[in-house]
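> Have a look; sequence and predicted model below, questions after that.
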Amino acid sequence: MSSSLSTTSLRSRATARNPLPEGTLSVGAGLIISGLAAYGFLSIASHALEKSVFAPLSLLWTVTFVLAPGFFLPIEQEVGRALAHRRAIGQGGLPVVRRAAVLAGGLLAIVSVVVLAVSPLIVDKLFKGRWSLLIALLIAFGGYAAGHFTRGTLSGTGQFGPYGVYMGAEGLLRVAACAALAIAGVSYVGPYGLAVSLPPIFALAFALRGQRGLLQPGPEASWAEITPNLGWLLAGSVLGQTLVNAGPLTVGLLSDGSAHDDELVADFFKGVLLARVPLFLFQAVQAALLPKLAQLAAHGELTEFRKGFRKLLIVVVAIGALGTFCAFTIGPVVVELAFDADLGHRTLGLVALASAVYMVALAIAQAVIALHGHAKVAYGWLIGVIAFVGVTAIAGDDLLLRVEIGLVSATSLALVYFAWALRSQLRAGATIDEGSVVEALHDIAVEP
């Protein structure tokens, strides 16, 4: 009895010293380091390379973070959910990981084959004839397939320290490689492309160092155990990543390949980076607040969950409003100093507004997932993508203005749909699904 009381007392003292849920500080630190390193990489590269060279590199970055998280983040979500469930009921997770490894490998093969099939179009329209960037893209797919798979395994087994190490190591390795290339005076794009794609692979060595006995044998895993929501998660993830990255992709696809348009592509991408600073801060806030919401959900405290979610929305709206105001007012000066780009108040302000609206939509979408609304989230992002294509097609001849109006319209429609979906679910008496909460917690992968 005294031993039990002593253990309880120690846990209470630890909670008092660190009231944040397990893993919050590790994941939050990893997110911050990863985000800052991404901005460092792109800032160094933008100064080291001519705009005509940086433009295809920026599109490599965009395509990588549409397709890699889009297809492989759902693997992380499902692996994390399945392992967390087995961990809670005292079952070993090794069979789950073996089954999921086959799934991840098959998905990687399919994505790679499709990309190779359309590679002439990608290289011609996006990479300006640079096949080295296609090689970097394929390497990045392999790295992120392994990275997301590993992250799901680490989070599902409660190893949040190594999870944060992976995120931080990936970012630091990338910015260090970029700095070395810049110092060496490298001015061609191929090595910078490898600096985008190789760090996820090398970061695995840091994250898995000393990780022994991570997985234990257990009951055989069926496909149904790791794929109940995979289809909807894949659709929602790819569509959501497409929408948030639609601006640079569209400007790149619609440009005519002239030197002027190469500068436009490069400068617009840099403006998007600035506009996403609030979105990066939002992810850090999520890392602190969402685990607490997950604890409330696990204990069935729906009323407290709603209060916590309202607080999260207030923070998100405040961050978005501040970011939009700053972009409208001082954005042109900041983007010129940080990235040597020439963009106007209107462009930066509207892109920041679209980013802010997307941020609120993403937060609400996570609540919809937590209520087991995976299909609704996929539909919402689909509505956004269709709206973007339609509005951009008819919004005039000014390329940047078309894209800006398209982004604001598309994210706004997605937000309205998600708000309606959440309200409908709550009115219908939908309950929080604990496994869906785990998936929602992982749905935060938006690179700068």
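Alright, I've got the coordinates.
> quick one, strands of the protein?
Along the chain, no segments are classed as strands by DSSP state E.
> Would you mind splitting it into its domains for me?
21-228, 229-448 (automatic domain parsing).
> Export the ones you listed as a markdown table, with columns for mean neighbour count.
C-betas here are computed from N, CA, C, even on glycine. Supplementary listing: these in a markdown table, determined by neighbours: other CB atoms under 10 Å:
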| stretch | mean neighbour count |
| --- | --- |
| domain 21-228 | 19 |
| domain 229-448 | 20 |
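> could these go into JSON lines alongside mean pLDDT?
Below are the domains of the chain laid out as JSON lines (pLDDT from 0 to 100):
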{"stretch": "domain 21-228", "mean pLDDT": "87"}
{"stretch": "domain 229-448", "mean pLDDT": "82"}
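> So Gln216 sits against Pro95, correct?
No. At 10.0 Å, Gln216 and Pro95 do not qualify as touching, with contact defined as CB atoms under 8 Å.
> send the alpha carbons of stretch 145-156 over as CSV?
The C-alpha atoms that make up stretch 145-156 are tabulated as CSV, following Å, rounded to 0.1, in the frame of the first residue of the first chain:
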residue,chain,number,x,y,z
ALA,A,145,7.6,6.8,-46.7
ALA,A,146,10.1,5.5,-44.2
GLY,A,147,9.9,8.6,-42.1
HIS,A,148,6.1,8.7,-41.7
PHE,A,149,6.1,4.9,-41.1
THR,A,150,8.7,5.4,-38.3
ARG,A,151,6.9,8.4,-36.8
GLY,A,152,3.7,6.4,-36.6
THR,A,153,5.6,3.5,-34.9
LEU,A,154,7.3,5.9,-32.4
SER,A,155,4.1,7.8,-31.5
GLY,A,156,2.0,4.6,-31.3
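> just checking, Gly93 touches Leu215?
Yes. Using CB under 8 Å, Gly93 is in contact with Leu215, at 5.3 Å.
> Find residues that contact each of the two.
Common contacts of Gly93 and Leu215 (CB atoms under 8 Å, 6 or more residues apart in numbering): Thr153, Thr157.
> Quick check: nearest residue in space to Leu281, chain neighbours excluded?
Distances taken as CB to CB, 6 or more residues apart in numbering place Ile319 nearest to Leu281, at 5.5 Å, with adjacent residues excluded.
> ok now do the one you found, which residues does it touch?
Pro278, Leu281, Phe282, Val285, Ala356, Met359.
> Return the member of these nearest to Ala421.
Nearest to Ala421 among the contacts of Ile319 is Met359, at 17.3 Å by CB to CB.
> Now Leu116: closest residue in space that isn't a chain neighbour?
According to CB to CB, 6+ apart, the nearest residue to Leu116 is Leu138 (7.7 Å).
> Distance-wise, check Ser112 relative to Leu233.
20 Å (CB to CB, to the nearest Å).
> scratch that, Ile226 is what I was asking about
Ile226 is 11 Å from Leu233, where distance means CB to CB.
> tell me, what's touching those two both at once?
Shared contacts of Ile226 and Leu233 (CB under 8 Å, 6+ apart): Glu78.
> returning to that earlier point: spatially, which two of the contacts of Ile319 are the most separated?
Spatially, the most separated pair among these is Val285 and Ala356, at 13.6 Å (CB to CB).
> what's the closest non-adjacent residue to Leu313?
Ala363 (6.0 Å).
> you'd agree the one you found is up against Ile314?
No. Counting by CB under 8 Å, Ala363 sits too far from Ile314 to count as a contact (10.5 Å).
> any common contacting residues for those two?
The contact sets of Ala363 and Ile314 do not overlap (CB under 8 Å, 6+ apart).
> pull the CA atoms of stretch 306-319 into CSV?
C-alpha atoms of stretch 306-319 as CSV (Å, rounded to 0.1, in the frame of the first residue of the first chain):
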residue,chain,number,x,y,z
ARG,A,306,-15.7,21.4,-26.5
LYS,A,307,-14.4,24.2,-24.2
GLY,A,308,-10.8,23.3,-25.0
PHE,A,309,-11.6,23.2,-28.7
ARG,A,310,-13.2,26.7,-28.5
LYS,A,311,-10.0,28.0,-26.9
LEU,A,312,-7.9,26.4,-29.7
LEU,A,313,-10.1,28.1,-32.3
ILE,A,314,-9.7,31.5,-30.6
VAL,A,315,-6.0,31.1,-30.6
VAL,A,316,-6.0,30.1,-34.2
VAL,A,317,-8.2,33.0,-35.3
ALA,A,318,-6.0,35.4,-33.4
ILE,A,319,-2.8,34.1,-35.0
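> Contacts for stretch 38-58 next, please.
The contact list for stretch 38-58 (CB under 8 Å, 6+ apart) reads 61, 126-128, 130, 133, 171, 174-175, 178-179, 181-182, 186-189, 192-193, 195-196, 248, 252, 259, 262-263, 265-267, 269-270, 273, 338-341, 447-448.
> In helices, which of those appear?
Among those, DSSP state H puts 61, 133, 171, 174-175, 178-179, 181-182, 192-193, 195-196, 248, 252, 259, 262-263, 265-267, 269-270, 273, 338-339 in helices.
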